[in-house]
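Enquirer: Need a 3D model of the sequence below.
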Amino acid sequence: MAYQHPQQPFQGYGYCNSYFVEAHDDDDGMFARAAAERERSRGVAKLRQKALAEDLSRTTADEYQEDILDHMERMEAETMPDLPSIEVQTEIQWYMRPYLLDFLLEAHYAFQLLPETLHLAVNLLDRYCSRRVVYKRHYQLVGCAALLISAKYGDRKERVPTIRELKSMCCSLYDDDMFTQMEWHVLQTLNWIVGHPTVTSFLDLALTEVAFDTELQHMSLYITELALYHKDFIPVRPSVMARSALALAKCILARPQSRYTDWSARYDSQVVLNLSNYLNQPSQALQRKYAAPHVSSVSSTIELFLQQQAMLAQRVVLAPAPEPIAMEMEPSVPINHYLTPQTPQKGGYPNILNGVLTPPITPDKDFCNQMAYGVNQGMLPRHCVPTPPSSAEHAHAMHYTGPHYIQQPQFVQPQFVQ
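Expert: Predicted structure coming up:
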């Protein structure tokens, strides 16, 4: 067929100034209907493939569920911190822990990291403190390094904090190379074993045995993060903590407990009792975080629950007591003795002979001692948390009694780098 210029009409056809020909009215949208039918068929095929893949994944997961759970329980036993080793630290004290946890909690919230990232960071921090002697001026640096490692390990790449951002949050107290050096030193100390099964991993397994309940999930996460602030729960394994927190959350929300044959029903009653004793001692940062509607406002729910429990206890006290039985009884501990706030104390320990000091040398920066801790009202990390002094004349006045502290360290307002 000979080539004809597009401006010249073809034989037997009219003039056409375009290579695209529109359908005539008598076609009645035949080509459009055919294209829509093809798209619909592709969509149905994709949905079928997705459903088939989910069924196969669920079947495979059910087959290997026991093996996965055994591996996770074995790994959690190998990656647990040692509380007695942390107790012999000479500079860092237990009253410093809530300050550092508040800092990590707000940094974790500001960067929108996954829940398991926070729990893994605290695990790395405690494991490092179990093996190394940590100066109080390096305590926050170790926490930042642990958060950075955990974010790189399991979080999305675009949400991993940079050293520049962490330096700004720490009021430029540490140099850039100190973060890198401490990150390497933490990994070297832990033999590069980062894969610790967090409490959120076991909590996800436990939640698969119950109906989908967003409020129950948020309540369980709140209780597990509350446990991070207290040293009593450091030796508790994540699997036990997940089941105990879920059982307590069901009790608070009046949800039915799991059947005795379920894995989630094997919780520790003593851990549940200890968790319930700390419900009235939340950190302000944690309380603000879980007061938002997108996390079901579980902190407000707990406040209402505690008020109801206090009213019930008052009714029991006002009720007439039965006549005492005329018999000798041994003196017992008061019923509410376990509710008495206990301040964790550590006795004097001799100088540690076996231990390696943390390598970085912190510059002397005295400008982080001007403003009181906790002035920021939002959740953005607008403060740095220095480790408070532990001198003898201040130790008796600086004890942790819940969300408040008797005497608080001083710090400056950081300026974020745009």
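
Enquirer: and the spatially closest residue to Thr198 that is not a sequence neighbour, what does it touch?
Expert: Closest residue to Thr198 apart from its sequence neighbours, by Cβ to Cβ, 6 or more residues apart in numbering: His119 at 4.0 Å. Every residue, glycine included, has its C-beta placed from N, CA and C. Listed by Cβ atoms under 8 Å, 6 or more residues apart in numbering, the contact partners of His119 are 198-200, 224-225, 228, 238.

Enquirer: quick one: which of these is nearest Ala249?
Expert: Thr224 (9.5 Å; Cβ to Cβ).

Enquirer: Can you give me every residue that contacts that closest one?
Expert: Thr224 makes contact with 119, 199-200, 203, 241-242, 245, according to Cβ under 8 Å, 6+ apart.

Enquirer: give me that answer again for 6 Å
Expert: 199, 245 (Cβ atoms under 6 Å, 6 or more residues apart in numbering).

Enquirer: where's it, which helix or strand?
Expert: helix 214-227 (DSSP states H and E).

Enquirer: now the angle from the helix or strand just after that helix to helix 214-227?
Expert: Sequence order places helix 238-252 as the next helix or strand after helix 214-227, per DSSP H and E. Counting by axes from the mean of the first three to the mean of the last three Cα atoms, to 10 degrees, helix 238-252 lies at 120 degrees to helix 214-227.

Enquirer: on contacts alone, who are the packing partners of helix 238-252?
Expert: For helix 238-252, the packing partners by 3 or more Cβ pairs under 6 Å, 6 or more residues apart in numbering; DSSP states H and E come out as helix 199-207, helix 214-227, helix 269-277.

Enquirer: Restricting to C-alpha, output the last one in CSV.
Expert: Okay, so that is helix 269-277. Provided in CSV are the C-alpha atoms of helix 269-277 (Å, rounded to 0.1, in the frame of the first residue of the first chain):
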residue,chain,number,x,y,z
SER,A,269,-1.3,-13.7,88.7
GLN,A,270,1.5,-12.1,90.8
VAL,A,271,2.6,-10.0,87.7
VAL,A,272,-1.1,-9.0,87.2
LEU,A,273,-1.3,-7.9,90.8
ASN,A,274,1.9,-5.9,90.6
LEU,A,275,0.8,-4.2,87.4
SER,A,276,-2.5,-3.2,89.1
ASN,A,277,-0.6,-1.6,91.9
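
Enquirer: So for the helix holding Thr224, mean pLDDT?
Expert: Average pLDDT, helix 214-227: 94.

Enquirer: What residues of that helix count as buried?
Expert: 216-227 (16 or more other Cβ atoms under 10 Å).

Enquirer: Over to stretch 246-256?
Expert: 246-250, 252-253, 255.

Enquirer: Please apply the same query to stretch 300-310.
Expert: 301-303, 305.

Enquirer: With distance to Tyr290 and pLDDT added, can I get those residues in a markdown table?
Expert: Shown next, in a markdown table, are the buried residues of stretch 300-310 (distance: Cβ to Cβ, whole Å; pLDDT from 0 to 100):
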| residue | distance to Tyr290 | pLDDT |
| --- | --- | --- |
| Thr301 | 9 | 92 |
| Ile302 | 9 | 92 |
| Glu303 | 11 | 91 |
| Phe305 | 13 | 91 |
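
Enquirer: If I take the helix or strand containing Arg48 and helix 199-207, what angle do their directions form?
Expert: Using DSSP H and E, the element containing Arg48 is helix 30-78. Using the same axes, to 10 degrees, the inter-axis angle of helix 30-78 relative to helix 199-207 is 110 degrees.

Enquirer: by contact count, what packs against the following helix or strand past helix 30-78?
Expert: Sequence order places helix 83-87 as the next helix or strand after helix 30-78, per DSSP H and E. If you count contacts as 3+ Cβ pairs under 6 Å, 6+ apart, helix 83-87 packs onto helix 115-131.
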